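Colleague: Have a look at this prediction, sequence included:
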Amino acid sequence: MPVVHLFAISLSSNASAAAGKVFLWPVDSTWKSYEFVLGQSAFVKSIGVTLERVLLGVLINMAITILVAYPLSKDSSVLKGRTVYIWIFVFTMLFGGGIIPLYMTMRMLGLLDSVWGLVLHGSVPVFNIVILLNFFRNLPKELEEAALIDGAGHWRIMRSIFVPLSAASIATVTLFSIVGHWNSWFDGILFMNSPDHYPLQSYLYTVVSGMQAAINSSTDLELLLLVSDRTARAAQLFVGTLPILLVYPFLQRHFTKGIVLGSVKE
């Protein structure tokens with residue numbers, strides 16, 4: 001319902017939105033807000049930065065999640081020091097190093113004003129690892145034992161048995177990773193010195209106060225009459241929400257199943 005209301009405002013005229021006439025259906029429909037928003041080069045650049053961040057971030061997150069969850073799913077007789085490793089990961093989930101040390105680390109590594117700074121600082125998603133770890137532990141041990149008898153190594157077992165059988169949980173943690181990277185805004189403001197490098201959510205956070213000034217500077221009289229900061233913000237927010245709305249239905253059937261199976265430990 002809120003998304004429908006947001007979409008209706010973005011398609012309505014300035015006067016109708018200001019008068020409170022818009023609820024679930026556009027009033028005095030116009031695409032001028034979208035024309036204005038998509039004509040802002042900084043907005044288009046922020047979408048590009050976010051898409052790059054999501055692509056790199058999800059690939060790195062999933063690779064690390066699978067490669068860490070698989071060995072930690074083994075018993076201590078197979079992985080020496082398993083309990084210590086698990087507590088190390090849990091400790092990092094409960095206690096952070098703080099914003100200033102994180103910023104100084106990114107600066108020392110030369111990752112400021114770089115998409116890698118947005119991706120690498122959260123590249124080890126412990127919560128996702130825990131979900132996938134528990135799912136791996138619930139898979140039948142007979143499958144792994146049969147593969148070991150046939151001469152398969154752990155790399156082959158993980159790639160050919162564990163990953164295909166864990167599609168539901170992998171889809172779930174992938175969705176978590178996509179949404180996390182897409183919605184993240186604070187690290188963009190923290191690590192990006194130039195607004196030209198802001199991801200979408202950081203850009204949306206910073207343009208709220210300057211939107212009306214950008215509209216007033218336009219020489220398009222029709223735009224001045226039909227578009228306000230409210231309708232333009234609604235158009236930006238809807239464009240920013242749309243990709244997640246499109247991705248979620250494809251992963252929804254795996255979502256509940258992956259959460260339930262990955263949260264139960266034998």
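Modeller: Noted; the coordinates are in hand.

Colleague: phi, psi of Thr30?
Modeller: In terms of degrees, to the nearest 10, the main-chain angles of Thr30 are phi -160, psi 150.

Colleague: Same check on the one 10 residues further on?
Modeller: The phi/psi pair for Gln40 (degrees, to the nearest 10) reads phi -80, psi 110.

Colleague: give me the number of residues near it?
Modeller: Here the number of neighbours of Gln40 (other Cβ atoms under 10 Å) works out to 16. C-beta coordinates here come from the backbone N, C-alpha and C atoms, glycine included.

Colleague: ditto for Val239
Modeller: Residues contacting Val239 under the criterion other Cβ under 10 Å number 17.

Colleague: how far away is it from Ser33?
Modeller: As judged by Cβ to Cβ, to the nearest Å, Val239 and Ser33 stand 10 Å apart.

Colleague: Report the buried residues of stretch 8-20.
Modeller: Residues of stretch 8-20 classed as buried under the neighbour-count rule (16 or more other Cβ atoms under 10 Å) are 8-14, 16-17.

Colleague: got it, and stretch 192-205?
Modeller: 192, 197-204.

Colleague: Show me the two of the residues you listed that sit farthest apart.
Modeller: Checked with Cβ to Cβ, the buried residues of stretch 192-205 reach their widest spread between His197 and Leu204, with 14.7 Å between them.

Colleague: element containing the closest residue to Ile157 other than its chain neighbours, please.
Modeller: Nearest residue to Ile157, sequence neighbours excluded (Cβ to Cβ, 6 or more residues apart in numbering): Ala147, at 4.9 Å. Element membership for Ala147, per DSSP states H and E: helix 141-149.

Colleague: gap between the most far-flung residue of the chain relative to its centre and Leu143?
Modeller: Distance from the centre of the chain peaks at Ile149, with 40.6 Å (Cα atoms, centre = their mean). Ile149 sits 11 Å away from Leu143, taking Cβ to Cβ as the criterion.

Colleague: quick one: average pLDDT of stretch 12-29?
Modeller: Per-residue pLDDT values across stretch 12-29 average out to 78.

Colleague: Contacts made by that stretch with the rest, please.
Modeller: The list of residues contacting stretch 12-29 from outside it, by Cβ atoms under 8 Å, 6 or more residues apart in numbering, reads 1, 4-5, 7-9, 11, 30, 225-228, 230-231, 234.

Colleague: repeat that with 7 Å
Modeller: 4-5, 8-9, 11, 30, 225-228, 230-231 (Cβ atoms under 7 Å, 6 or more residues apart in numbering).

Colleague: For those residues, work out which two are farthest apart.
Modeller: Spatially, the most separated pair among the contacts of stretch 12-29 is Val4 and Leu225, at 25.0 Å (Cβ to Cβ).

Colleague: Could you list every helix and strand that the helix or strand where Gly57 lies packs against?
Modeller: Here Gly57 sits within helix 41-72, counting by DSSP H and E. The contact analysis (3 or more Cβ pairs under 7 Å, 6 or more residues apart in numbering; DSSP states H and E) places helix 41-72 against helix 82-94, helix 115-120, helix 126-137, helix 167-183, helix 200-207.

Colleague: Thanks a lot, catch you later.
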